[in-house]
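1. predicted model and sequence follow; I will ask about them next.
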Amino acid sequence: MPRWRGIIQYDGSKFSGFQRQSKGRTVQGVVEKALGKMHKTADVPIFGSGRTDAGVHAFGQVIHFDSPVQIPEERWLQALNGWLPDDVILYAIAPVEETFHARYDAIGKAYEYRVTNGPIKDVFRRLYVHHEFRPLNEELMQEALALFYGTHDFRAFCSTRSTVTSHVRTVTKATLEKSGAEFCFYIEGNGFLHHMVRMIVGTVIKAGHGAIAPEDIQHCLESGDKGNTVKTAPAQGLYLLRVDYPEDTAAKEN
């Protein structure tokens with residue numbers, strides 16, 4: 001059967017994460033259900049580039065699935081989006097080689113994390129940004145964030161539930177921009193551990209309000225020990241922006 005690569009976007013507020021679960025509403029579950037209705041058969045399995053936790057949003061989650069349905073690419077968007085709920089959409093789709101795998105072929109990802117800083121929470125954005133009421137020092141946060149750039153053993157910055165054999169990852173870009181009362185983190189790398197981005201951001205925020213020093217973060221990176229330094233930022237401020245693949249990189253270079 002032909003294989004399709006799709007990009008989906010979703011508001012994670014009412015999802016228990018991306019991956020299908022025995023209980024709870026998931027992105028994978030609703031997309032598979034929509035595909036099943038479109039194909040008039042049992043749920044069509046999809047494979048994602050990776051998991052996102054409950055409350056995490058995505059602009060560029062990549063999936064793949066096999067389908068015998070023969071319709072033009074441009075009609076796929078209208079057809080599948082007609083079956084999907086309002087908080088998830090198929091943003092783009094294209095045929096790929098039958099060997100393509102959304103997860104195993106990925107060579108990098110980019111994330112954004114949004115923080116508002118001030119004494120009063122924005123009730124209308126509470127599901128889409130993390131509110132930090134304590135004053136944040138941008139200079140200290142820039143200094144702390146810079147420590148994560150490059151290749152490190154990130155065992156201190158991942159969930160204890162992680163089962164990977166290696167915690168070494170490379171962060172290729174880590175920036176922080178401030179606009180009014182909002183801080184926007186941008187973190188790009190060749191791969192991320194479970195909760196890694198949220199732990200980086202949460203720990204940098206701790207440095208920003210003076211609870212820890214940049215030297216404490218350096219110690220965690222070198223020792224692999226979380227101690228009392230590492231903190232996990234809430235899910236709602238996190239967005240998966242993009243997933244990179246070798247063929248995309250080659251196309252850009254050409």
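-> Sure, I can see it.

2. which parts of the stretch 51-200 of the chain are helices?
-> Taking DSSP state H, counting those that start in this stretch to define them, one finds helices in the stretch 51-200 of the chain at 73-81, 138-146, 196-208.

3. and the direction of the longest one versus that of helix 138-146, what angle?
-> With axes from the mean of the first three to the mean of the last three C-alpha atoms, to 10 degrees as the criterion, the two stretches helix 196-208 and helix 138-146 enclose an angle of 140 degrees.

4. what average pLDDT does helix 196-208 get?
-> On average, the pLDDT along helix 196-208 is 98.

5. please identify the most buried of the helices of the stretch 51-200 of the chain.
-> Burial of the helices of the stretch 51-200 of the chain is given as mean neighbour count (mean count of other C-beta atoms under 10 Å); helix 196-208 ranks first at a mean of 25. Using the backbone N, CA and C atoms, a C-beta is placed for each residue, glycine as well.

6. coming back round to it: adding distance to Ser22, write the helices of the stretch 51-200 of the chain out as CSV.
-> Output for those, formatted as CSV (distance: least, C-beta to C-beta, whole Å):
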stretch, distance to Ser22
helix 73-81, 25
helix 138-146, 38
helix 196-208, 24
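
7. what's the closest of those to Lys23?
-> Nearest to Lys23, of all the helices of the stretch 51-200 of the chain, is helix 196-208, at 23.1 Å by C-beta to C-beta.

8. ok, back up a step: what's the closest of the helices of the stretch 51-200 of the chain to Asn117?
-> Taking C-beta to C-beta, helix 196-208 is the member of the helices of the stretch 51-200 of the chain nearest to Asn117, at 8.6 Å.

9. show me the strands in the stretch 51-200 of the chain, by range?
-> 57-66, 88-96, 108-117, 130-132, 150-153, 168-179, 182-189 (DSSP state E, counting those that start in this stretch).

10. of all those, which one is nearest Thr160?
-> Among those, the nearest to Thr160 by C-beta to C-beta is strand 150-153 (15.5 Å).

11. which residues does the closest one contact?
-> Here strand 150-153 makes contact (C-beta atoms under 8 Å, 6 or more residues apart in numbering) with 167-171, 221, 224.

12. of the residues you listed, which is the nearest to Ala106?
-> Nearest to Ala106 among those, counting by C-beta to C-beta, is Arg169 at 13.0 Å.

13. that closest one and His194 touch, don't they?
-> No. Applying C-beta atoms under 8 Å as the test, Arg169 and His194 come out as separate, 11.7 Å apart.

14. of those two, who's got more company?
-> Per other C-beta atoms under 10 Å, whichever of Arg169 and His194 has more neighbours is Arg169, with 20 against 17.
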